[in-house]
Structure formats: structure tokens, C-alpha cells
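A.B. asks: below are the sequence and a predicted model; questions follow.
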Amino acid sequence: MLDVHTIRQDFPVLQRKVHGKPLVYLDNAATSQKPRQVIQALVAYYEGYNANVHRAVHTLGEEATQRYEEARQKVADFINAPSLECIIWTRNTTEAINLVASAWARHHLKPGEEVLTSAMEHHSNLVPWQRVCAETGATLRIAPLTPEGLLDMDAFRRLLSPRVRLVAITHMSNVLGSIVPVEEVVRLAHGVGALVLVDGAQSVPHMPVDVQALDCDFLAFSAHKMLGPTGIGVLYGKLPLLEEMEPFLMGGEMVREVTYERATWKAPPFRYEAGTPNIADAIAFGVAIDYLKAIGMSAIRQHEIALTRYALQRFAELEEVQVFGPPRAEQRGGVISFHHPDIHPHDLGTFLDREGIAIRAGHHCAMPLVRSLGVVATARASFYLYNTEEEVDALIDALRKAIRFFGRVGTPR
Ligand code: PLP
């Protein structure tokens, strides 16, 4: 059991009011809030040892380099990567996926070959593959979902032919919450010789993820969804692949030897980290990882299962509200997308904001998926370690109020 009351004290923003009401922050799938320890790590860097990394011999430069590389080691340990050379800093999940599209897929895919993804992908794990397939003549295939919103494993198996070179799949849907059985997906994909990239943007923040147990070839995730700052993310890759891939960006720090005519590349991870990196945010991300580890990822997952189960029960009381995604809390993360036939999700989002409740309304960067649900947008509540059953109650009460309000005044569909 998490001591949520104590945890909440670490998050300054959770103490504030919005429109005179206590903030109920339920937009964690978009970005999480930051504990004081992470905010202070940013201040400590800029006040105490701001310097560029891997360049200077002075004390500040050495301190910055040491903390920055310590943070990389923390990330490696967090996902059980075999070594810190497998951890590449990126801006976010999106850039990590684009890195693989540009540095691996563009050089390896040929006409007649395929990339296989799923019908529940975020745009950042769909659009790069559309582009790279168009450029290389490869074909993009989409594995469908079951009526409950889980990956249809029979269909996935049927689509998995020896033509597939890469499976690019989410670990957890940011719209439906559905959890993909990634270990099985990897085993099947490796069986036909395909590599697997896992979009861990929604899973790594919320559950234990072990890259060696999953045996995935690449894993992408973002610090800002897991108590860390914006502007820093990670690509994990198996070292032999990273050693063989071409660089993504060219410039300082990624080169070994340069003449006026040509250059040779450093070994990973530096080959993929051209230019001055995001030093402060990487260090603060390390502190976010310390925070999550101290609480325990299994405990966070259990907390979110319990909260999601409670929320699903409470949502079932609202007769007209449709909840999308798998019915059981164990099959999903703490993400609940919902829709009322007579209230536009944006109106709902605005109404809830007046009650101090922050949710997201829209297509959640997954337009094809949301359209396939038969709506143009959904409202979405998403939980994290600091959310409580009382906040779920506040959401349900506010939804009842909204339904009464819009029932009286009406709303354009
Ligand atoms: N993939 C999934 C499943 C996501 O939920 C998100 C963000 O919402 C992303 C990728 C993209 O993450 P970022 O915007 O941090 O690059």
C-alpha cells in the first residue's frame, strides 16, 4: 500500500487550487507532476555546477559529467539494461522512435519488406513508420484490436510473416489503457527474424519494465511522464544493433576523427548524442528515478490497479457514459477514456476544469484509434501514484453535475 498522503506532500502543485477548488490532477498520461526533489535537482545544477559535459577538465565540468553519467546508469538499472552504453538520451519518446526510423529503418528496409504496428498506436509510433515505408518502398501493416480493445493476438500472428523486419508496438495504450503482452509479441517476432521496438511511454512510468526479460530490441520512453522534467527521454537499444547503426544527427561530440573530407563515429551511446545535451534535465530525471525506485514500481502498479478498478466501478454508475477499453483493471493501465452521447468531450473538459479537475479531451494523438471507436474525441482521466479514491469520487460527482447541467442547456455534438 502506498502512503499517498505523504507522497502528495512532495508535490508542490498538488497543494494549489484551481477556480477556488483543490486541484484534482487526472491528466497524468499527458504529463506527470514533479516532486520537490526533482525541481530542486534542477536548481542545484544551475546554482552549483552548471557546465558542459564530456569536455572540460575543470571542477564544474567534472561534477556535471559525473552526475549526468550517473543519471544514465540509473536509467540503465531502472529498466535492467545490461550496460549504460545501451542508453541514449533523446528529447522524448517521439525522438527516440524517430531515431530508430532514421538510423535503422531507413538503411535496412527494402521494397517488399514490412513494418508491423498496431491499431492503438500514438501518432509518434505510427507516422514515422508511414514516412519510412514511403521512402524505402516497404509496407506498413496494422494489427487490429479485439472488441474489448486488446491486441488481437490471432490476427497479429497471421500478419507476422518473414517479410516483417520490424514490429513497432506500444506496451500500453494512452487511450484505452490496454496492456500489450510484449514478451509474447517479442518471442513471436523474433521467431520470424523481426526486430521489436516497444513504445514504453505509458508503461515505463507505471509498472516494472525489464528489457532483458522482455528481450525487446528497442524501448522508448519520456521522463516527463514519470515525475521527471520535459525535454529528456530515452532510447534503449541492444548494443550490437546500436554499434551497427548509422548516426541520427551529425555534429560535435558524436565523432571520433574528423578531417575536412570525412568523419568517423564514436561508439554508442555518444554516436547518437550530437551537440550539447540536456544536462540539467537528465540529472533531474535520475532523481525522479530514485524517487520511483524508493516507492517501488510494483507498489505503484498495484496502487493504480486498485484505483482503476474503483474508478471503473464508479463509472458504471453513470448509465449514459461509455467507457472504452478492456473491462478488467488488471488488463489496463490507469487510463480511462469515456464519452457521453450528448456532451462534447471539450465541453466536459472545460466544465470539469471549473470544478478544479484536470482531464484531457481530444483524440490523444491517436486519431485513427479514436475514430475507430465511433467518436471524434474522448474525455480521458489518467492516474498516477499520488491520486486517491477521493479524487475519483470528485470526478464522478463533477460528471453527474455536468450531465445535469448539459441536460438542461444542451450542447452541440
Ligand atoms: N507513445 C505513447 C503511448 C504516448 O502516450 C505518448 C505521449 O502521450 C508518446 C508516445 C509520445 O511521448 P512524447 O510526447 O513524450 O514524445
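C.D. replies: Structure's in. What do you need?
A.B. asks: now for the longest strand along the chain, which elements pack on it?
C.D. replies: Criterion DSSP state E: the longest strand present in the chain is strand 164-170. Judged by 3 or more C-beta pairs under 8 Å, 6 or more residues apart in numbering; DSSP states H and E, strand 164-170 is in contact with strand 114-118, helix 182-191, strand 195-199. C-beta: built from backbone N, CA, C; applies to glycine.
A.B. asks: grab the nearest non-local neighbour of residue 138.
C.D. replies: If you skip the residues right next to it in sequence, residue 138 has residue 109 as its closest partner in space, 4.0 Å away by C-beta to C-beta, 6 or more residues apart in numbering.
A.B. asks: give the contact list for the one you found.
C.D. replies: The contact partners of residue 109, taken as C-beta atoms under 8 Å, 6 or more residues apart in numbering, are 115, 132, 133, 136, 137, 138, 165, 166.
A.B. asks: same thing but at 6 Å, please
C.D. replies: Residues in contact with residue 109 (C-beta atoms under 6 Å, 6 or more residues apart in numbering) are 136, 138, 165.
A.B. asks: need the CA coordinates for the longest strand of the chain. PDB is fine.
C.D. replies: C-alpha atoms of strand 164-170 as PDB (Å, rounded to 0.1, in the frame of the first residue of the first chain):
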ATOM      1  CA  VAL A 164       8.200  -8.300 -41.400                       C
ATOM      2  CA  ARG A 165      11.500  -6.700 -40.500                       C
ATOM      3  CA  LEU A 166      10.300  -4.600 -37.500                       C
ATOM      4  CA  VAL A 167       7.400  -4.800 -35.100                       C
ATOM      5  CA  ALA A 168       6.800  -1.300 -33.600                       C
ATOM      6  CA  ILE A 169       4.300  -1.600 -30.800                       C
ATOM      7  CA  THR A 170       3.000   0.200 -27.700                       C
END
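A.B. asks: is it true that residue 28 touches residue 384?
C.D. replies: Yes: in this structure, residue 28 is within contact of residue 384 by C-beta atoms under 6 Å, at 4.1 Å.
A.B. asks: between the two, point out the one with more neighbours.
C.D. replies: When residue 28 is set against residue 384 and neighbours are counted by other C-beta atoms under 10 Å, the residue ahead is residue 28, at 27 against 24.
A.B. asks: do you know how far that one is from the ligand?
C.D. replies: Taking C-beta to the nearest ligand atom, to the nearest Å as the criterion, residue 28 is separated from the ligand by 10 Å.
A.B. asks: quick one, what contacts residue 11?
C.D. replies: 33, 35, 386.
A.B. asks: count the residues that sit near whichever residue of the stretch 301-413 of the chain sits closest to the ligand.
C.D. replies: Closest approach between the stretch 301-413 of the chain and the ligand, counting by C-beta to the nearest ligand atom: residue 365, at 6.0 Å. Counted with other C-beta under 10 Å, the neighbours of residue 365 add up to 18.
A.B. asks: residue 171 now?
C.D. replies: Applying other C-beta under 10 Å, I find that residue 171 has 26 neighbouring residues.
A.B. asks: same thing with residue 368?
C.D. replies: Per other C-beta under 10 Å, the neighbour tally for residue 368 reads 13.
A.B. asks: where does it sit: helix, strand or coil?
C.D. replies: Taken by DSSP: H, G, I helix; E, B strand; the rest coil, the conformation at residue 368 corresponds to helix.
A.B. asks: near the ligand, which residues of the stretch 201-350 of the chain?
C.D. replies: The interface of the stretch 201-350 of the chain toward the ligand, taken as C-beta under 6 Å from any ligand atom, is made up of 201, 202, 222.
A.B. asks: can you tell me which of those are in strands?
C.D. replies: Among these, the residues falling in strands (DSSP E) are residue 222.
A.B. asks: dump the residues of the stretch 201-350 of the chain next to the ligand into a markdown table; add pLDDT and neighbour count as well.
C.D. replies: Listed next are those as a markdown table, based on pLDDT from 0 to 100; neighbours: other C-beta atoms under 10 Å:
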| residue | pLDDT | neighbour count |
| --- | --- | --- |
| 201 | 98 | 27 |
| 202 | 98 | 28 |
| 222 | 98 | 28 |
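A.B. asks: if we can go back for a sec, could I get the contacts of residue 11 as JSON lines with secondary structure, distance to the ligand and neighbour count?
C.D. replies: Shown next, in JSON lines, are the contacts of residue 11 (DSSP: H, G, I helix; E, B strand; the rest coil; distance: C-beta to the nearest ligand atom, whole Å; neighbours: other C-beta atoms under 10 Å):
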{"residue": "33", "secondary structure": "coil", "distance to the ligand": "15", "neighbour count": "18"}
{"residue": "35", "secondary structure": "coil", "distance to the ligand": "19", "neighbour count": "25"}
{"residue": "386", "secondary structure": "coil", "distance to the ligand": "19", "neighbour count": "22"}
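A.B. asks: any idea how far stretch 352-370 is from the chain center?
C.D. replies: If you compare the mean C-alpha spot of stretch 352-370 with that of the full chain, they lie 16 Å apart, counting by C-alpha atoms, centre = their mean, to the nearest Å.
A.B. asks: hmm, who's touching that stretch?
C.D. replies: Identification of contacts with stretch 352-370 by C-beta under 6 Å, 6+ apart yields 18-19, 21-27, 30, 120, 122-123, 174-175, 345-346, 349, 377, 379-381, 395, 398.
A.B. asks: narrow these to those in strands?
C.D. replies: Among these, the members found in strands (DSSP E) are 18, 21, 22, 24, 25, 379, 380, 381.
A.B. asks: next one, pLDDT for residue 411 please.
C.D. replies: The score at residue 411 is 51. That number is its pLDDT.
A.B. asks: to clarify, my last question referred to residue 162.
C.D. replies: 97.
A.B. asks: who's in contact with it?
C.D. replies: Contact partners of residue 162, counting by C-beta under 6 Å, 6+ apart, are residue 192.
A.B. asks: repeat that for residue 326.
C.D. replies: 148, 149, 150, 178, 332.
A.B. asks: what does residue 291 give?
C.D. replies: Residues touching residue 291, when contacts are defined by C-beta under 6 Å, 6+ apart, comprise 35, 37, 227.
A.B. asks: same for the strand or helix carrying residue 155, what does it pack against?
C.D. replies: When elements are assigned from DSSP states H and E, residue 155 belongs to helix 153-159. For helix 153-159, the contact count by 3 or more C-beta pairs under 6 Å, 6 or more residues apart in numbering; DSSP states H and E identifies strand 139-143 as packing neighbours.
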